[in-house]
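Undergrad: What follows is a predicted structure for the sequence shown.
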Amino acid sequence: MGRIHSMNLSKMKDVEIVGIVDMDVDRAKNLAQTLGVQPYTEFSSVIKSNKPDVAIITTSTQSHLPLIREAAENGIHVFVEKPMGIDSKENEEIVRAVERNRVKLQVGFQRLYDESFIKAKEALEGGEVGRPLLAELISRDPSPQPGIGTILYPGAIYDDMAIHDFATMLWMFGFRRMRLYASGSAFVFKEYKEAGDFDTSLVNVKYEDGPLVNIDVSRCSRYGYDIRAEILGENGMIRVENRTEYETLVFRGNQISHAPYEWFEVRFRDAYRREVEAFVNSVIRDERTFPDHVFAYNVGRVADAAKRSASIGEPVTVE
C-alpha cells in the first residue's frame, strides 16, 4: 500500500514527496530510489529533516496510534490505511490527538471512492429501489496467503477484512442502533486457528428500523479476489458485481471461462488514486476529509462488536 499511494502521489502536481520511511532498509531504499527521494528508517527523522505537511501511514495496525499521535503533535495531517486503530480505546485516543492538534485525518476505505460502489450509493439515495430491505456484502481474498498484511490475533479478520464491509454498510445505511451477530471458523489455515482468529466469517446485522445486512468474508477464495454487494429494496435491486479488467467469456464444450479476478491493487486501482487525491485536496482547500476520524471511530465500534459477538457466541447491540 505504501508503494501504491506513493506512486499515485508522485503523479500529482501539487505534491512533493520528501521521504520514504520503512523499518526494512532495503525496501525503503528501493522505493525511495524509484521516486528520487531520501529513504528513512524512522518517522521522527523525516519529520525533523523535512517538516512535511502530510504523512501517509501504511504500516501494520498495531503501529497506527503512536505514528498518528507523533504526526498530529507535529501539526502533520494524516492519511492512514484501515483500520484507524486496533480497537475503540485506541480510536478514542486517535480522535483526541487529531482534534486537540487540529489536524486532518482520512482513513483508507477505498471502496467509498470506487465508481461501482459510488453509483450504488447514488441509486440508493436517489430512491431508485425504494426503502432498502436486505443487503448482502461479500469480501473474499485469494488463498493461500495466511497472515498477509496483518499480525494475527483473536478476531483480526474483523479489523483487517470485514472492516471494509462495515465501512460500506455505515456509508450506505448510516450509523444508528443495530443488533449484530458474528460467527467464524478457521476451516483452512491452522495459522488463524492457532491465533484464535478465523479464515471465514459471517456477520448478521439488524438495524433497529431496517435493513437487514449479511456480511460474508473469507480468506479462502480459490478462484481469486471477489468483492460484491447487493441491496434489495421495496421496488427493485442494486448489485455491484465482481468486476474484472475485461468481461470476455470463453464458451467451450460444457465449460465457461472468464478473466481471472485480480488482487486488490488492480480491482481498486482507480479508487486508490481518487482517495489520496481527495485527501490532498482537502488539506489544500482546508476542507473536511472523508472518511474522517469520526466515521472511522464508528466503523471501529462495529468491528469491536463483531469481535465480542464472535468471542461470546451471542448477539451484541451497537448504538
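TA: That came in fine, so what should we check first?
Undergrad: Now do the strands in the stretch 201-319 of the chain.
TA: With strands called from DSSP state E, counting those that start in this stretch, the stretch 201-319 of the chain shows them at 212-221, 226-233, 236-240, 249-252, 255-258, 316-318.
Undergrad: Throw those strands into TSV and include mean pLDDT, thanks.
TA: Below are the strands of the stretch 201-319 of the chain laid out as TSV (pLDDT from 0 to 100):
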stretch	mean pLDDT
strand 212-221	96
strand 226-233	96
strand 236-240	95
strand 249-252	70
strand 255-258	70
strand 316-318	98
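Undergrad: which parts of stretch 187-204 are buried?
TA: V188, F189, Y192, A195, D197, F198, D199, T200, S201, L202, V203 (16 or more other Cβ atoms under 10 Å). In this view, the C-beta of every residue, glycine as well, is placed from N, C-alpha and C.
Undergrad: Could you verify my assumption that S201 touches D159?
TA: No: contact criterion Cβ atoms under 8 Å: S201 and D159 do not qualify, at 11.9 Å.
Undergrad: and the strand or helix carrying A182, what does it pack onto?
TA: In the assignment (DSSP states H and E), A182 maps to strand 178-185. When contacts are defined as 3 or more Cβ pairs under 8 Å, 6 or more residues apart in numbering; DSSP states H and E, strand 178-185 sits against strand 200-207, helix 293-312, strand 316-318.
Undergrad: Buried residues in it, which are they?
TA: Result for strand 178-185 [16+ other Cβ under 10 Å]: buried residues M178, R179, L180, Y181, A182, G184.
Undergrad: how far does the helix or strand that it is followed by sit from the chain's center?
TA: As assigned by DSSP H and E, the chain's next helix or strand after strand 178-185 is helix 190-195. A distance of 23 Å separates the centroid of the chain from that of helix 190-195, by Cα atoms, centre = their mean, to the nearest Å.
Undergrad: Show me the contact partners of helix 190-195.
TA: With contacts defined as Cβ atoms under 8 Å, 6 or more residues apart in numbering, helix 190-195 is touched by P146, G147, L152, Y153, P154, A156, I157, A186, F198, D199, R219.
Undergrad: Without its sequence neighbours, what residue ends up closest to the last one?
TA: Once flanking residues are discounted, R219 sits nearest to D199: 4.4 Å by Cβ to Cβ, 6 or more residues apart in numbering.
Undergrad: Look up how far F189 lies from that neighbour.
TA: 5 Å (Cβ to Cβ, to the nearest Å).
Undergrad: what's the answer for E115, then?
TA: Counting by Cβ to Cβ - E115 and F189 are separated by 33 Å.
Undergrad: Now that we're looking at W263, what pLDDT does it have?
TA: Predicted confidence (pLDDT) for W263: 77.
Undergrad: Would you mind giving both backbone torsions of the residue nearest to it when sequence neighbours are not counted?
TA: Nearest residue to W263, sequence neighbours excluded (Cβ to Cβ, 6+ apart): Y225, at 5.4 Å. The phi and psi values for Y225, taken as degrees, to the nearest 10, are phi -70, psi 130.
Undergrad: hang on, isn't Y225 packed against E265?
TA: No: at 9.9 Å, Y225 does not count as touching E265 under the criterion of Cβ under 8 Å.
Undergrad: These two - which one has more neighbours?
TA: A count of neighbours by other Cβ atoms under 10 Å puts Y225 above the other of Y225 and E265, at 20 against 12.
Undergrad: re the thing from before, with pLDDT added, can I get the buried residues of stretch 187-204 in CSV?
TA: Listed next are the buried residues of stretch 187-204 as CSV, based on pLDDT from 0 to 100:
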residue, pLDDT
V188, 91
F189, 88
Y192, 89
A195, 90
D197, 94
F198, 95
D199, 93
T200, 96
S201, 98
L202, 98
V203, 98
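Undergrad: got those residues as CSV, with distance to V18 columns?
TA: Formatted as CSV, the buried residues of stretch 187-204 follow (distance: Cβ to Cβ, whole Å):
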residue, distance to V18
V188, 43
F189, 40
Y192, 39
A195, 37
D197, 37
F198, 40
D199, 40
T200, 42
S201, 40
L202, 45
V203, 41
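Undergrad: re the thing from before, the inter-axis angle of the strand holding A182 versus strand 212-221?
TA: 20 degrees (axes from the mean of the first three to the mean of the last three Cα atoms, to 10 degrees).
Undergrad: Now the residue nearest in space to the middle of the chain. Its backbone dihedrals?
TA: By Cα atoms, centre = their mean, the chain has its centre lying nearest to F109, at 3.8 Å. For F109, the backbone dihedrals are phi -100, psi 80 (criterion: degrees, to the nearest 10).
Undergrad: Please tell me I have it right and it contacts D165.
TA: No: in this structure, F109 is not within contact of D165 by Cβ under 8 Å, at 10.1 Å.
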